[in-house]
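A.B. asks: predicted model and sequence follow; I will ask about them next.
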Amino acid sequence: MEIKTAKNTPYPVKVVKGQTYYWCSCGLSNNQPFCDRSHQRTDLSPLEFIASESITVYFCGCKQSANAPLCDGTHKSL
Ligand code: FES
């Protein structure tokens, strides 16, 4: 199954230090950028992200980042 682009820009999220987040890697979740278990009909899995500090991070929305779960600018070339 192909990875679905959720959107062509990142999702800014204020994360909390020590909290664990599960980034949707398949693009099917209705709770972007996070997993809602929609991947269960694929062979993909969410990526775990543990916040090392309380800051705003930019989770990849295009699902093509080489630095997933974070945006690395790849969406600009899609
Ligand atoms: S949104 Fe995917 S690399 Fe920026």
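C.D. replies: Thanks, I have the structure now. Numbering: from 1, shown residues only.
A.B. asks: switch to C-alpha atoms for all contacts and neighbour counts from now on
C.D. replies: Fine.
A.B. asks: show me which residues of this protein sit near the ligand.
C.D. replies: With Cα under 6 Å from any ligand atom as the criterion, the chain comes near the ligand at residues 8-10, 60-65, 71-75.
A.B. asks: most neighbours out of the residues you listed, which is it?
C.D. replies: Tallying neighbours with other Cα atoms under 10 Å puts residue 60 at the head of the residues of the chain next to the ligand, with 31 neighbours.
A.B. asks: thought that one was touching residue 9?
C.D. replies: Yes: in terms of Cα atoms under 8 Å, residue 60 counts as a neighbour of residue 9; the distance is 7.0 Å.
A.B. asks: as a markdown table, the residues of the chain next to the ligand with secondary structure would be great.
C.D. replies: Conversion of those to a markdown table gives the following (DSSP: H, G, I helix; E, B strand; the rest coil):
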| residue | secondary structure |
| --- | --- |
| 8 | coil |
| 9 | coil |
| 10 | coil |
| 60 | coil |
| 61 | coil |
| 62 | coil |
| 63 | coil |
| 64 | coil |
| 65 | coil |
| 71 | coil |
| 72 | coil |
| 73 | coil |
| 74 | helix |
| 75 | helix |
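A.B. asks: now these in CSV, with pLDDT?
C.D. replies: Output for the residues of the chain next to the ligand, formatted as CSV (pLDDT from 0 to 100):
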residue, pLDDT
8, 96
9, 97
10, 98
60, 98
61, 98
62, 97
63, 97
64, 97
65, 98
71, 98
72, 98
73, 98
74, 97
75, 97
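A.B. asks: so, low pLDDT: which residues of the chain?
C.D. replies: With pLDDT under 70 as the threshold, the chain has low-confidence stretches at 1.
A.B. asks: kindly state the beta-bridge partners for the spatially most central residue of the chain.
C.D. replies: Against the mean C-alpha coordinate of the chain, by Cα atoms, centre = their mean, the closest residue is residue 23 at 3.9 Å. Assessed by DSSP bridges, residue 23 has beta-bridge partners residue 34, residue 47.
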